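Colleague: fold the following for me, if possible:
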Amino acid sequence: MSFFRQLTTQRLAAVLLFFLIFVMAVRIPTDTDTWWHIRSGEYIVNQREIPHTDPFSYTRHGEKCIDHIW
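Modeller: Here you go, the predicted structure:
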């Protein structure tokens, strides 16, 4: 019974926050373009610009790049 007396709204919120962070950290990512995002970030850091053409694709190299996620 003493556990419930020490359980305040702030402590409950903190426990829920850490639980939700844990759940988000262990889930399987559903984004299938993870490596493209990493490579794009590397390109942006090295070139100091956002790519306007597709520098990575084999079939659409140099074509206009529209990233609908950004």
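Colleague: at which residues are the helices of the protein located?
Modeller: Applying DSSP state H to the chain gives helices spanning 2-6, 9-26, 34-47.
Colleague: which of the ones you listed has the lowest mean pLDDT?
Modeller: Within those, confidence is poorest for helix 2-6, with a mean of 69 (mean pLDDT).
Colleague: most packed of the helices of the chain?
Modeller: Each of those was scored by mean neighbour count; the highest is helix 34-47, a mean of 11, by mean count of other CB atoms under 10 Å. Every C-beta, even on glycine, is put in place using the N, C-alpha and C of the backbone.
Colleague: by contact count, what packs against that helix?
Modeller: Where contact means 3 or more CB pairs under 8 Å, 6 or more residues apart in numbering; DSSP states H and E, helix 34-47 is not packed against any helix or strand.
Colleague: and it, how far out from the chain's middle?
Modeller: On the basis of CA atoms, centre = their mean, to the nearest Å, helix 34-47 is displaced by 13 Å from the centre of the chain it belongs to.
Colleague: neighbours of P55, how many?
Modeller: For P55, the neighbour count with other CB atoms under 10 Å is 13.
Colleague: for E49, see how far away the closest residue in space to it that isn't next to it in sequence is.
Modeller: The spatial neighbour of P55 that comes closest, neighbours along the chain excluded (CB to CB, 6 or more residues apart in numbering), is Y43 at 6.4 Å. Taking CB to CB, to the nearest Å as the measure, Y43 falls 9 Å from E49.
Colleague: isn't P55 right next to N46, touching?
Modeller: No - P55 is beyond contact range of N46, at 10.9 Å (criterion: CB atoms under 8 Å).
Colleague: still on that earlier bit, R11 versus the residue nearest to P55, what's the distance?
Modeller: In this view, Y43 and R11 are 45 Å apart by CB to CB.
Colleague: what's the answer for E42, then?
Modeller: From E42 across to R11, the span is 42 Å (CB to CB).
Colleague: swap in G62?
Modeller: Using CB to CB, G62 is found at 56 Å from R11.
Colleague: could you do V23 as well?
Modeller: Computed as CB to CB, the V23 to R11 distance reads 19 Å.
Colleague: next: I44.
Modeller: Note on I44: its distance to R11, by CB to CB, is 41 Å.
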